[in-house]
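J.: here are the coordinates; sequence isn't available:
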């Protein structure tokens, strides 16, 4: 069994989802592996990963807006506020979503569904450079 590992650096544009499917697929091609599992892991506590519809951006906007309503900024119960009003909500949003995704691949292609994409979900308002570790086992 072969293992290929690399790290992507993704520059976010602030809060919201950003598709990274093409970057993951490119790394899979570079690995030369044909069949196995891909693990996509986010090394941060204020952003997350999500598999989501990639055809209609309104689906992602609705999800983002729903989570913003669930975890609003300036909650008077938060004590972790040193880095701003979006800091603690970003940690909670990460904890409620995912830090990693596992996706099978065959014939050198990710086996995502027709409308599925891999998204980095930035929960902070400011842009950040985010590290995503990709591990392909096949």
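T.: That came through fine. Given the structure is predicted, the values throughout are model-derived calculations rather than measurements.

J.: all strands of this structure, in order?
T.: Counting by DSSP state E, residue ranges of the strands within the chain are 3-11, 16-19, 36-42, 47-53, 100-106, 109-110, 116-122, 129-137.

J.: and these, which is most packed in?
T.: Ranked by average neighbour count under the criterion mean count of other CB atoms under 10 Å, the strands of the chain are headed by strand 116-122 at a mean of 22. (C-beta placed from N, C-alpha, C; glycine too.)

J.: contacts for that one?
T.: Here strand 116-122 makes contact (CB atoms under 8 Å, 6 or more residues apart in numbering) with 10, 12-21, 24, 40, 42, 47-54, 60, 64, 93, 97, 101, 103, 112, 128, 130, 132.

J.: if I look at the closest residue to residue 53 other than its chain neighbours, how far off is residue 116?
T.: With sequence-adjacent residues excluded and distances taken as CB to CB, 6 or more residues apart in numbering, residue 53 is closest to residue 59, at 4.3 Å. As judged by CB to CB, to the nearest Å, residue 59 and residue 116 stand 11 Å apart.

J.: Return every residue with contacts to both of those two.
T.: Common neighbours of residue 59 and residue 116 (CB under 8 Å, 6+ apart) are 52-53.

J.: how much distance is there from stretch 99-108 to the middle of the chain?
T.: Put simply, stretch 99-108 sits 13 Å off its chain's centre (CA atoms, centre = their mean, to the nearest Å).

J.: Please disregard the earlier target; I meant stretch 82-102.
T.: Relative to its parent chain, stretch 82-102 has a centroid offset of 11 Å by CA atoms, centre = their mean.

J.: Check stretch 78-89 too.
T.: Distance, stretch centre to chain centre, for stretch 78-89: 21 Å (CA atoms, centre = their mean).

J.: Show the pLDDT at residue 82.
T.: In this model, residue 82 is scored at 89, pLDDT.

J.: mind pulling up the phi and psi values for the residue of the chain most remote from its centre?
T.: Using CA atoms, centre = their mean, the residue of the chain lying farthest from its centre is residue 76. It sits 28.3 Å away. Dihedral pair for residue 76: phi -70, psi -10, per degrees, to the nearest 10.
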